[in-house]
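Asker: Here is the input, now give the coordinates:
(2 chains)
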Amino acid sequence: MAKEILAAAWDGVLPKETLRMEDLPQPRGRVFNIQRYSLDDGPGIRTTVFLKGCQLRCPWCSNPESQSFEPQILYRYTACKMCGACIAVCPQGAVTMGADGIDIDRARCAVCGECAAACVQGALKISGEDMTVEQVFKVIRRDAAYYEESGGGVTCSGGEILAQADFVRELFKKCREAGYHTCADTSGFGTAEAMEKVLKFADLVYFDLKHADDGWHLANLAVPRDVIIRNLRLCALRGVPVVIRVPLVPGQNDSEENLTAMAELAKSIVPRAQVNILPYHKYGESKYRSVGMEYTLSHLRENTPEELERAAAVFVECGLECTISK
Amino acid sequence: MTSISKEEIKSVQVLTPRLQKLKKEWEDAEPQVYVDDSLLFTQSWKETEGLPVDVRWAKALEKRLLECPLLIRDGELIVGSLSKFIRGNGTLCAMKPHEILTMAESGKFDRKTSDISSTRIDPADLEALRADAQYWIENMPKVSSVNAAVELDMGCEVFDLLFDRGMVFEGRGVRYKMDRGLFQNYSAYGGGVAQVSVKCIANGLNYIIDLCSAERERMLREGDENSRGTAQFMRKYWLLKACIISCEAFIKYARRHADLAREMAKTETRTARREELLRIARACERVPAEPPRDFFEAVQCVRLYHLVCWKESSDRPEVPIGRLDQLLYPYYEKDVTEGKITAQAAAELLGALWLKIRECENLVTIPREQRAAPGSLLPNITLCGTDENGNDLTNDISWLVLEAMAQIKLSEPAIYVRYNPNMDSEFLLHALECNREFGGGNPAFLNDVLGTQRYLDRGVPLSDACNWNASGCLGYHLDSLEHMGGGHNISQLKVLELALNDGFDKRTGKQLGPHTGDVRAFTGFEQVLDAYCAQLDYFTKMLRRFKMISWGTEIADGPMSGLRVAMQYEDCIPAGLASREGGARYPEGRAAWLGSRGLVDLADTMTAIKKLVFDEKKTTMAELLDACDRNWQGYENLRSLCLGAPKYGNDDDYADEVYDELSTRVPEIMQQDVDPLTGKKPMLFIGAAAGHVGIGKAIGAMPNGRMAGTPTCDAACSVSPGCDVNGPTAAINSATNGEYSREYAGYAMNMKFSKALLNTPEKLRQLAFLVRVFMKRGGWHIQFNIHSREELLDARAHPEDHRNLLVRVGGYSAYFIDLPPGLQAEIVNRTMHELI
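Answerer: Got it, this is the predicted structure:
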C-alpha cells in the first residue's frame, strides 16, 4: 500500500530502486530522531518526531540523514577514537581505516549494526528505527505537563511525513485524543490521499515553499511543483491553519522576481497564511560526512540581514504576515 | 501596587553616569589588604581582659565601629565602606592567626572572590599584621578543645574521616587542623547567620536598646523566671549588656558618617553635591537608631546593617539581605504617593546599594579545595513570596531589583525569586529576561509553596512559616526567628567507594569504614546496596556525635552574640540566649544541618554497577574495580561502556529507579535518630554547589566512568556534566519523580542554556513554562546558566565532558560538540561579556 502511494506520487522522477518500503509495515514510522523541548517547530514546548526518508534532494538540506528511506550507519567522527573495533566486527568488510577516521563503503554496508554495537565511544549508530505509534507516544507522553503549560504539543517532521502518512495520521489521532496540539511539518510532496490523512488530525501545518517555478523544482529538487501546490490547496480547503516556510538560499531562490511570484502564489492559495523565512546556514554540512554524502553548497555565503529584510518585505507587500527565524 | 507603570520600570537606567564612575573606580582599584579592624579588635581584646565573653565581643565591635577609618567617595549616594580603600579586603587575625601569618610571610594574599588575583599590602600594614597574628598565636591554647573532647569521647579514628584527611565528611567545621585563634573550632556560622532584619530596621535600634535596658532593670527588681536560680541568670544579664553596647556602637558608627558628610559639605563648592552630603548626613543621623522616614533612608539603613553584620564576623561573613522588596516597599510606596520619588531615582539608589554590597571582600586562608562557596560572599536577596492568605507579594521593588541586577552586572548579590503559581507571568518573564541580560544564573527560583510547607511540616505557624528567605549557600531560614547553622556533610560517593573496598580507603591507606564484605564476591545488586547502606549508617552515627561535641566546645568559646541578639530580639532577649544556644524561636537548626553531598554521582555509579555487572553481565565487579584502581588505564573501552550506561537526568526509567531508591534510603538512614540537641528529626541538607570540587579530589575512579580526582556533580539534582542528552524536560522529570524536595533542603537544579536558545521573547516564554512545570512537579530550586566562553573552549578541548551543551545555531539548536570546528570557533567568539 505504502509503496503504491509513493509510486503514484513519484511520477517517474526518481529511480525506483531507492523505493523499498515493503519492509516497512504500517503504521510503523521510520524514526531517526525524537527531539524533546523543541522550540522551533510550532507553538510552545514541543516534541518533534523526525521521520526518515524524503524524495526531495534539496542541496541545502541540513539533515542529510533524513533523505534516504533506508536505515543508515551514522558516523560521528568527532567522537571516534580510531580504535578499529568496528573494522574487526564488520561482516561485510565495509569499514576501513582512513587518515582522520574510518571510511565506510556504503555500497557494501548492509546496515547490520554490528559496528555500532562494537563502538563503545558511541561514534557509530544506526539512524532510522521502525517504531509503532505506541512506542513513539510513550516518549511523547512524558512531556505532557509541558505541552499543557505552554500550549505546545507534537510536531511530525522529516524527512517527508507524507511518505509515512498512515503512521502520522495514527500518531496525530492519538495525540489529539490526549489533548496535545499537533503540527505537520511537510515539504508538500506526496499524494493527495496522504495529505488528507495527515490533515485529518493536524492542528497546524508548516508547509515548505521553496520556489515558484515548476522547471526549477524538477531541475533542483527532482520533484514536480504541481503536486506540492495541489497539497497546499488541500490544506487551505480543509481549513487547517498554515505557516508557509521559505528557506532563503542565496542564488537559488532569493531573486526578487521569484520571491514576488512565491508571495503571489501563496497569497492566492492561502490568503491568510503566515510566512516564515528560514535564513540559509551551513550547519548541516558536517553531517554529510556522517552519512557518506557530499555537501555541494560549501561555496555559498549566509544571507545578509538586509537580504532577509528585503525578502520579508516582498511577502508583507503582498499582504502576508511574515517573520524571519533566528 | 503604585501608579508607576511596568514600562517605566523597565526603562530605568540603573547605571547612571555617577554609578558608572563609581563602578569604574572600583574595577580599576587595586585590591588591598585592610588591617585596621584586625588591629582594633586585638587592642580591644587586650583592654577587656577579665570581662564576660559576650561583653568582650561587643566591646571589640564597639572599638572597631568607633575608631575605624571612614570613607565617603565623591559621588556616592549610599555610604558605608568596609575599609579606607576603594577595594579593601578585611580580615581578623583573632580568627585565624596561623593562616594570616603564613600569608604575611609569603606576601601572597588571596581574596574570597578570586582565585587568581592577589592583593596588595602596605609595608607598614604588613608588619602590623604580622605582629597581630603573632600575638594571637602566642596567647591562644595550643590544643584544639574540639579535638581534645572528640578524642576523649570517640577516640582518634574519627579524625581520619574529616575534610582535611579522609574526606568522608565535608564542611568547614569538620576539619582536623583548624586554625586556632579565638575560636577553637569555629564552624561556618559561629553566631548563626546575622541577617539584615526587617523588624529591626522598622523599629529602630533605640527601641531594642530600651527593651534590653528595661529587661535588665526588671531582672534586678524582680529576678527572672527563665533563669532563676541558675548560672543562666548572669549569662542573660551580660548578654543584654552586650546587646546594648553593640546597638549603641552601631548607632554611633552611623553618626560618624553623618559628621563626616557634614564636614565634607562645609568645604564642598558644588551646590548639588553639598545637598547630597547633607542628605546623607540627615539619613545617618536618623538610621539605624530610628525607623527610616523615606526610601532613601531605608536603603542607607540596609547598607549599614549589611556592613556592620559583616564587620562583626570578618572571618565568615555571610550576611543575607533577606526579602529586600518587602522591606523597602512601604517606604517606596509612601514616597511615590507623595511624589517624592520616581522609578528612575529608586533604581539609581538600588544600584548604589549594589556597588556597596559588592565592595565587601575578605581574605581567605583556607586551601582552595577546602573552601565552601568559592567565589561568593553570599549576600543573598530574596524577592516575592506570598503572605498568610496566599496573596502574591511581588511589587515594584521586585521588578526594580531585577533591573538593577541585570544592568549593573556584578557577580553579587545573588537574587532568589520565591516563585508561586499565582505570580504574574510578566514578572516571571521579566526575571528570565534579566537572567539572560545578566549572563545566566541569576535570579534563581525557589518554590514558594514548598518553602512554606517545610516549615508547616515542622509545626511552625503559617504567620511565621511564610516569612522565609534564602541564606548561605543553598540554605534558607526565617527572618529573625531561626538559627541557621552550617552544614556538616557526608560525601556519598566516597561512602560508596569505601563500600566497594570493604571500608578500606586506598588514598590514605586506612580502614575508614566497617567491613561490609568483599564486593567481588557479591552475587546480586542488593548486596552492593546493603553494603553501602551499612557504611552510611556507620558514618552518619560518627558525624552526629562529632557535631554534637563540636557544638558544645564552640559554645564554650562564646557565641559572638551582641548584634545577633538584637536581630532576634523578640525571642533571644526573653530567653537570655543567643540564637546559637537555642534562643531563637525555632532553634532546631542550631546544631547545624546534616548534609549529604553527591547523590547524583552515587546513583549513576550504582546504576552502572546494576546494569553492567548484574543485569547485562557485560563486566564483573572484579574487572570494574581493577579498572577503577588503575584510573581506567588500559580499560578505556570499559570506561566508555560505563559512561554509556543509563544516567540520571534523562527521564530514563532504569536510571531513575535507582536514583529514586537511593533518594529514599539515604534520608531513612541519615534521619533515623533525632538530633540529640533538639530532640527533633535532623534537617537534611543536600547541597553540592560548593564542595563538589573538594570532595571529588579524594575520590578515585568510579564505575560511573569518572576519572580519579574529578569534581562530583555540581548541584543536588543537576545532571552530571555531559550526562543529559534528552534535554531539559527530561532532566526536570528525573529530578521531580519523587517528593525529594520536601525532605531535602538545598535540592537545587542547575541548568545550562546558551544565550541564543533564549534569543526571542517566544523562547524565553517557553523557559518560563519550564519553570512552572518544574515547580508544579514539586521542584525546589532551579536556575539557568548561560554558558561562558571558558566552557565553550573547554568543550572544544574535552567534548566528552560537554555532551549536553546546547547552542542555538541559525534556524535550529544543536549540541555544541557535534558542530564542525570552524563553527565552534565562531560560536566561541560570539559569546557574552564576562562577569567581574
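
Asker: and residue 306, how many neighbours does it have?
Answerer: Just going to use chain A. Close neighbours of A:E306, defined as other Cβ atoms under 10 Å in any protein chain shown, add up to 8. Bear in mind the C-beta positions are built from the backbone N, C-alpha and C, glycine included.

Asker: Oops, wrong one, chain B.
Answerer: For B:H306, the neighbour count with other Cβ under 10 Å is 25.

Asker: okay, it: pLDDT?
Answerer: B:H306 is assigned 91 on the pLDDT scale.

Asker: now the helices: where do they sit in the stretch 251-400 of chain B?
Answerer: B:271-286, B:295-312, B:324-337, B:343-359, B:396-408 (DSSP state H, counting those that start in this stretch).

Asker: do chain A as well
Answerer: Here chain A has its helices, by DSSP state H, at A:2-10, A:85-89, A:114-118, A:133-141, A:144-150, A:165-178, A:192-200, A:214-216, A:225-237, A:256-269, A:285-290, A:305-317.

Asker: Is it correct that A:Q35 is in contact with A:I45?
Answerer: No: with contact defined as Cβ atoms under 8 Å, A:Q35 does not reach A:I45; the gap is 11.3 Å.

Asker: quick one: which of these two has more around it?
Answerer: Regarding A:Q35 and A:I45, a neighbour count based on other Cβ under 10 Å identifies A:I45 as having more, with 28 against 19.

Asker: And the more buried one, how far from chain B?
Answerer: From A:I45 across to chain B, the span is 5 Å (Cβ to the nearest Cβ, to the nearest Å).

Asker: give the contact list for that residue.
Answerer: A:37-39, A:143, A:146-147, A:149-150, A:152, B:729, B:766, B:769-770 (Cβ atoms under 8 Å, 6 or more residues apart in numbering or on different chains).

Asker: Buried members of the residues you listed into ChimeraX, please.
Answerer: This is how ChimeraX selects the buried members of the contacts of A:I45, with burial counted by 16 or more other Cβ atoms under 10 Å in any protein chain shown:
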select /A:37,38,39,143,146,147,149,150,152 /B:729,766,769,770
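
Asker: And the furthest pair within the contacts of A:I45?
Answerer: A:S38 and A:E149 (15.2 Å; Cβ to Cβ).

Asker: okay if I get the helices of the stretch 251-400 of chain B as a markdown table plus distance to chain A?
Answerer: Listed next are the helices of the stretch 251-400 of chain B as a markdown table, based on distance: least, Cβ to the nearest Cβ, whole Å:
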| stretch | distance to chain A |
| --- | --- |
| helix B:271-286 | 44 |
| helix B:295-312 | 36 |
| helix B:324-337 | 26 |
| helix B:343-359 | 30 |
| helix B:396-408 | 21 |
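
Asker: Distance to A:G292 added to those helices, as CSV?
Answerer: As requested, these are exported to CSV (distance: least, Cβ to Cβ, whole Å):
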stretch, distance to A:G292
helix B:271-286, 72
helix B:295-312, 63
helix B:324-337, 59
helix B:343-359, 55
helix B:396-408, 48
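
Asker: Near chain B, which residues of the stretch 151-300 of chain A? Just list them.
Answerer: A:G152, A:L278, A:P279, A:H281, A:K282, A:Y283, A:E285, A:S286 (Cβ under 8 Å from any Cβ of the partner chain).

Asker: of the residues you listed, closest to A:D214?
Answerer: Closest to A:D214, out of all of these and judged by Cβ to Cβ, is A:L278, at 22.0 Å.

Asker: Output the lowest mean pLDDT helix or strand found in chain B.
Answerer: Of all helical and strand segments in chain B, the minimum by mean pLDDT, DSSP states H and E falls on strand B:114-118, at a mean of 46.

Asker: tell me the domain ranges of the chain?
Answerer: All of this is about chain A. A:2-69+A:129-324, A:72-127 (automatic domain parsing).

Asker: looking at chain B here, not the other one
Answerer: B:6-29+B:192-478, B:487-786, B:787-836.

Asker: Need the nearest residue in space to B:R165, chain neighbours excluded.
Answerer: Among residues not flanking B:R165 along the chain, B:Y176 sits closest, at 5.7 Å (Cβ to Cβ, 6 or more residues apart in numbering or on different chains).

Asker: you'd agree the one you found is up against B:L162?
Answerer: Yes: counting by Cβ under 8 Å, B:Y176 touches B:L162, with 4.7 Å between them.

Asker: The two: who's more crowded?
Answerer: Neighbours per residue (other Cβ under 10 Å) separate B:Y176 from B:L162, with B:L162 holding more: 22 against 18.

Asker: got the contact list for the more buried one?
Answerer: B:F169, B:V174, B:R175, B:Y176.

Asker: There's contact between the third one and B:F163 in this structure, I believe.
Answerer: Yes: B:R175 is in contact with B:F163 according to Cβ under 8 Å; the separation is 4.9 Å.

Asker: Return the distance of B:E268 relative to B:R286.
Answerer: Distance of B:E268 to B:R286, computed by Cβ to Cβ, to the nearest Å: 21 Å.

Asker: do the same with B:Y207
Answerer: Distance from B:Y207 to B:R286, by Cβ to Cβ: 14 Å.

Asker: low-scoring stretches of the stretch 101-250 of chain B, by residue?
Answerer: For the stretch 101-250 of chain B, the stretches flagged by pLDDT under 70 are B:110-118, B:180, B:183-194.

Asker: how does it look with 50?
Answerer: Applying pLDDT under 50 to the stretch 101-250 of chain B flags the ranges B:113-117, B:187-191.

Asker: for the stretch 1-150 of chain A, same thing?
Answerer: A:1-16, A:19, A:22-24.

Asker: which residues touch the residue nearest the centre of chain A?
Answerer: Computing the C-alpha centroid of chain A and ranking residues by Cα atoms, centre = their mean puts A:G158 first, at 2.7 Å. Contacts for A:G158 (Cβ under 8 Å, 6+ apart) come out as A:F50, A:L51, A:K52, A:G53, A:C54, A:S66, A:D185, A:T186, A:S187.

Asker: May I ask which of these has the most neighbours?
Answerer: Highest neighbour count within the contacts of A:G158: A:T186, with 30 neighbours (other Cβ under 10 Å).

Asker: Please name the bridge partners of it.
Answerer: Note on A:T186: beta-bridge partners A:F207, judged by DSSP bridges.

Asker: how much space between the residue of the stretch 351-500 of chain B found nearest chain A and B:V771?
Answerer: The nearest approach of the stretch 351-500 of chain B to chain A comes at B:P421, 10.5 Å away (Cβ to the nearest Cβ). The spacing between B:P421 and B:V771, counted by Cβ to Cβ, is 11 Å.

Asker: Can you tell me the closest non-neighbouring residue to the residue of chain A most remote from its centre?
Answerer: Largest separation from the mean C-alpha position in chain A: A:A88, at 34.2 Å (Cα atoms, centre = their mean). Leaving aside its sequence neighbours, A:A88 sits nearest to A:A118 (Cβ to Cβ, 6+ apart; 7.3 Å).

Asker: pull the longest strand from chain A.
Answerer: For chain A, the longest strand by residue count, based on DSSP state E, is strand A:29-38.

Asker: Can I get it as CSV, trimmed to CA atoms?
Answerer: Written as CSV, here are the backbone C-alpha positions of strand A:29-38 (Å, rounded to 0.1, in the frame of the first residue of the first chain):
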residue,chain,number,x,y,z
GLY,A,29,7.1,5.0,11.5
ARG,A,30,10.7,5.0,10.5
VAL,A,31,12.1,7.5,13.0
PHE,A,32,15.5,9.0,13.0
ASN,A,33,15.2,11.3,16.0
ILE,A,34,12.7,12.4,18.6
GLN,A,35,13.6,15.8,19.9
ARG,A,36,12.1,17.0,23.2
TYR,A,37,12.0,20.6,24.3
SER,A,38,11.8,21.6,20.6
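
Asker: Thanks a lot, see you next time.
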